[in-house]
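Dropping the sequence and predicted coords here.
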Amino acid sequence: MWNYEKRLQHPINITKPNAKLAQDIISQYGGPDGEAGASMRYLSQRYAQNNRNVMAILTDIGTEELGHMEMIAAIVQQLTKDLSMEEIVSSGFDKYYTDHTLGIWPMAAGGVPFNANQFQSKGDPITDLVEDMAAEQKARSTYDNLLRLTRDCPEVYEPLVFLRERELVHFQRFGEALRIVQDELDSNNYYAFNPAFDTTTVGMSNTRCNCRK
Amino acid sequence: MRNYNDKMSALRYVDSVCLAALESALFLDTHPDDCVALESFRRYNSMCNQAKSEYSKKYGPLTLAHAGDCKNWEWVNQPWPWEGGAC
């Protein structure tokens, strides 16, 4: 269950339309390392996890990524507001415009549509968490690329800096989650069994908080 | 909650204390026994809830949970986050 909050996680106020930039930034909406894929990846991977910490971090980061999707969509929407036909054609936005007018549609900068094949849900905690760490780094690299493209546009640059920072925090948390999973396995062979599938595993410790109010 | 007299600053305050609460929550997910982090979560989460509730009373609902506080169905009139300006 989710509840909606009528605010962005971080403010976006773009006053100058720029359809060229919009076509680059939409990649973080529906591109291979975008926020839609991030959210679907983490929220889908939760069900096969057997560690309480991992279930929690996937849920909370997956939820935050939904908020990041909304931020990227807001950037694209504001960059394409009030465009003239001349601007649509001269910026190369006419190809997107033909199929979507000024609607928001998940795709990569190169026009490739969003696809569930851009992420995995493998049902193996080590595999999934290693993918999640890579996903955060890939998204961080994409933001680095976008930051180079938006240097002259502080209204766009600043929220992208915020989003890039979130990738670093998430990478750190997923690294800790992987360590928690590995700490409960045999360090001589982490891959002896799949702790989320094979029944030979000893009960995973159920972490409880000892600091009650 | 600090006393903000304009809508934009009140919303920025919501954003900042709620981000601090979320950051503490993510940290606690992988460090559930960290008492300092738990104290930080309690503090910022209570500031976040209070800020959202006070914002909603003064400027219009941020969530459906606060949508019944107004005389009319203000939910549809408040700007959506992508509309810029206040949000």
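Okay, I see it.

so A:Met107 touches A:Asn115, yeah?
No. Counting by CB atoms under 8 Å, A:Met107 stays clear of A:Asn115, with 9.6 Å between them. In short, each C-beta sits where N, CA and C put it, glycine included.

which of these two has more neighbours?
Neighbours of A:Met107 and A:Asn115, each counted by other CB atoms under 10 Å in any protein chain shown, are more numerous for A:Met107; the result is 22 against 13.

Give the bridge partners for the more buried one, please.
Partner residues in beta bridges with A:Met107, using DSSP bridges, are A:Pro113.

OK, contacts around it?
A:26-27, A:29-31, A:113-114 (CB atoms under 8 Å, 6 or more residues apart in numbering or on different chains).

ditto for A:Phe171
For A:Phe171, the contacting residues are A:133, A:136-137, A:140, taking CB under 8 Å, 6+ apart as the criterion.

Of those residues, which belong to strands?
When these are checked against strands (DSSP state E), there are no matches.

Of those, grab the buried ones for ChimeraX.
Of these, the buried ones go into a single ChimeraX selection, burial set by 16 or more other CB atoms under 10 Å in any protein chain shown:
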select /A:133,136,140
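
thinking again about what came up before, let me have the contacts of A:Met107 in JSON lines, adding neighbour count as columns.
Shown next, in JSON lines, are these (neighbours: other CB atoms under 10 Å in any protein chain shown):
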{"residue": "A:Ile26", "neighbour count": "26"}
{"residue": "A:Ser27", "neighbour count": "22"}
{"residue": "A:Tyr29", "neighbour count": "24"}
{"residue": "A:Gly30", "neighbour count": "24"}
{"residue": "A:Gly31", "neighbour count": "26"}
{"residue": "A:Pro113", "neighbour count": "10"}
{"residue": "A:Phe114", "neighbour count": "18"}
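
Tell me which of those residues fall in helices.
The members of the contacts of A:Met107 that map onto helices under DSSP state H are A:27, A:29-30.

Understood, closing this out.
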